[in-house]
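Undergrad: sequence first, then the predicted structure:
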Amino acid sequence: MNKADYKGIWVFAEQENGVLSSTPLELLAKAIDLKAKLGGTDTITAVLLGKDVAPICDTLFAHGAEQVIVLENDALAVYKHRVYAKALVELVEKHKPSIFLFAASPIGRELAPRVMARLGTGLTADAIDLDVDEEGTFVQTTPNFGGNILSHIAIPEKRPQMCTVHPKVFEPIAPIAGASGPVITEDIAVSDDEDFVILNTEEKVFASQPIDKASIVVAGGFGVKNEEDLAMLSTLAELINGQVGCSRPLRETGMLGHELQIGQSGATITPDLIINVAISGSVQYMAGMDKSKCIMSINKDANATIFSASHYGAVADFRKLVPAIIEEIQNRKA
Ligand SMILES: Cc1cc2nc3c(=O)[nH]c(=O)nc-3n(C[C@H](O)[C@H](O)[C@H](O)COP(=O)(O)OP(=O)(O)OC[C@H]3O[C@@H](n4cnc5c(N)ncnc54)[C@H](O)[C@@H]3O)c2cc1C
């Protein structure tokens, strides 16, 4: 493999039923930054697979794509990992990108490693930052070893340098009205996966709206031990027009669903206000909420890491403090 043959930054434009997911737009914004740091010669390409998906190209151009590779085929109408992986491998072998970015979404997490393995290259999973170092090397940052360290990973020998990126760590650019560019319509042969048939797909119905849609969040951690504690947080959330979210250990108790988990393996949220209740502040948790506009935290341990990321903090037992806050709000509302 000659590294010099590989040029350009690719973003996988993940879509379902013709609806583009939001993370590719965040990745396009980061691609603009990476391009500048890599010397400005890499073309930013969005790669779009599916059926009747070409209308999405306008959105991709408006958000920073300089060209779009489109592959439309009946076999790509519904996402199937082996079909999509085979198509992407062929596209990479043909066009030879230097960098290939995916969202760390369920699809991206499944698809990117398969593409990586077939190409025999390297992949960083769930990056929370991307950069170019002083020597011009593309570097991906990801929390490792239980979040105790941040790893800065480079893929020096193999191409493309692949990466899945956590949603919402980058901001999409403001859309550029009327932006356009070349659309490369590919016609490589794609056949369906005969090993299984998708009979029906149904959208999952959640008990509550996903936590990344809430503008005020009351988040409970592992210090929240039972339904009574949780009811207290729900009452507070209701009083301030917020929604209850959680850290992973609270989700693992089964009291709340995954759609409410905040953090590296949950949602990344940027609400106007988050109140962290009995959450210690692990790297994985903070990666999901440290860009919130106002962060308040309640923890009985004055040395809890969460306080370092908080605008306001209370060192207190939440079982005493939260009822007092609830009472005060109720009194003021009366
Ligand atoms: C690959 C990977 C991905 C991960 N992804 C995520 C993720 O997406 N989200 C996530 O949250 N975690 C994630 N984790 C787990 C993470 O490392 C931590 O274990 C987790 O965030 C800790 O949750 P916590 O703060 O609720 O619990 P703990 O660390 O146990 O903290 C509980 C806190 O509650 C306080 N407390 C207890 N009782 C009270 C009380 N009565 N009043 C006030 N304070 C009290 C304690 O002082 C303590 O600080 C991940 C880990 C790995 C390895």
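TA: In hand now; what should we look at?
Undergrad: only C-alpha atoms from now on, for both contacts and neighbour counts.
TA: Noted.
Undergrad: so where's the stretch 1-150 of the chain uncertain?
TA: 146-147 (pLDDT under 70).
Undergrad: just want the most central residue of this structure.
TA: residue 167 (1.6 Å; C-alpha atoms, centre = their mean).
Undergrad: any idea how far that residue is from residue 27?
TA: In this view, residue 167 and residue 27 are 9 Å apart by C-alpha to C-alpha, to the nearest Å.
Undergrad: ok, for the residue nearest to the centre of the chain, nearest residue in space, not its chain neighbours?
TA: With sequence-adjacent residues excluded and distances taken as C-alpha to C-alpha, 6 or more residues apart in numbering, residue 167 is closest to residue 23, at 5.5 Å.
Undergrad: the one you found and the ligand, how far apart?
TA: Distance of residue 23 to the ligand, given as C-alpha to the nearest ligand atom, to the nearest Å: 17 Å.
Undergrad: burial count for that residue?
TA: Close neighbours of residue 23, defined as other C-alpha atoms under 10 Å, add up to 25.
Undergrad: phi first, then psi, for it.
TA: Main-chain torsions, residue 23, degrees, to the nearest 10: phi -60, psi -40.
Undergrad: ok, now which ones touch it?
TA: Residues near residue 23 by C-alpha atoms under 8 Å, 6 or more residues apart in numbering: 103, 167-168.
Undergrad: list just the nearest of the residues you listed to the ligand.
TA: Nearest to the ligand among the contacts of residue 23, counting by C-alpha to the nearest ligand atom, is residue 167 at 11.9 Å.
Undergrad: which SS state does that closest one fall under?
TA: Secondary structure, DSSP: H, G, I helix; E, B strand; the rest coil: residue 167 is coil.
Undergrad: what does the pLDDT read for it?
TA: At residue 167, the model reports a pLDDT of 89.
Undergrad: from residue 256, how far off is it?
TA: Residue 167 is 21 Å from residue 256, by C-alpha to C-alpha.
Undergrad: next one: residue 76
TA: Distance, residue 76 to residue 256, by C-alpha to C-alpha: 35 Å.
Undergrad: what does residue 156 give?
TA: Taking C-alpha to C-alpha as the measure, residue 156 falls 42 Å from residue 256.
Undergrad: looking at these two, which has the bigger crowd around it?
TA: Counted by other C-alpha under 10 Å, residue 156 and residue 256 do not tie: residue 256 has more neighbours, with 20 against 12.
Undergrad: that one and residue 247 touch, don't they?
TA: No. Counting by C-alpha atoms under 8 Å, residue 256 does not reach residue 247; the two are 9.8 Å apart.
Undergrad: the strands in the stretch 51-200 of the chain, which residues?
TA: Ranges of strands in the stretch 51-200 of the chain, per DSSP state E, counting those that start in this stretch, are 67-72, 99-103, 122-127, 129-132, 138-144, 149-153, 161-165, 183-186.
Undergrad: domains of the chain?
TA: The chain breaks down by automatic domain parsing into domains covering 3-186, 211-333.
Undergrad: ok now the longest one, how far from the chain's centre?
TA: Centroid separation for domain 3-186 versus its chain: 13 Å, with C-alpha atoms, centre = their mean, to the nearest Å.
Undergrad: likewise for the shortest one?
TA: Per C-alpha atoms, centre = their mean, the displacement of domain 211-333 from the mean C-alpha position of its chain is 20 Å.
Undergrad: end-to-end on that domain?
TA: Using C-alpha to C-alpha, the two ends of domain 211-333 sit 26 Å apart.
Undergrad: same thing with the first one?
TA: End-to-end distance of domain 3-186: 24 Å, with C-alpha to C-alpha as the criterion.
Undergrad: do the same with stretch 175-182
TA: 18 Å.
Undergrad: stretch 1-11 now?
TA: Where stretch 1-11 begins and where it ends lie 22 Å apart, using C-alpha to C-alpha.
Undergrad: could you tell me which residues of the stretch 201-334 of the chain lie near the ligand?
TA: 221-223, 247-249, 262-266, 278-282, 284-285, 298-301, 304, 316-319 (C-alpha under 6 Å from any ligand atom).
Undergrad: filter the residues you listed to the buried ones?
TA: 221-223, 247-248, 262-266, 278-282, 284-285, 298-301, 304, 316, 318-319 (16 or more other C-alpha atoms under 10 Å).
Undergrad: list the buried residues for stretch 73-84?
TA: Quick answer for stretch 73-84 (16+ other C-alpha under 10 Å): 73, 75-81, 83-84.
Undergrad: which residues of the stretch 151-300 of the chain fall in helices?
TA: In the stretch 151-300 of the chain, the segments counted as helices under DSSP state H, counting those that start in this stretch are 227-239, 248-252, 283-286.
Undergrad: including mean pLDDT, could these go into JSON lines?
TA: Formatted as JSON lines, those follow (pLDDT from 0 to 100):
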{"stretch": "helix 227-239", "mean pLDDT": "97"}
{"stretch": "helix 248-252", "mean pLDDT": "96"}
{"stretch": "helix 283-286", "mean pLDDT": "91"}
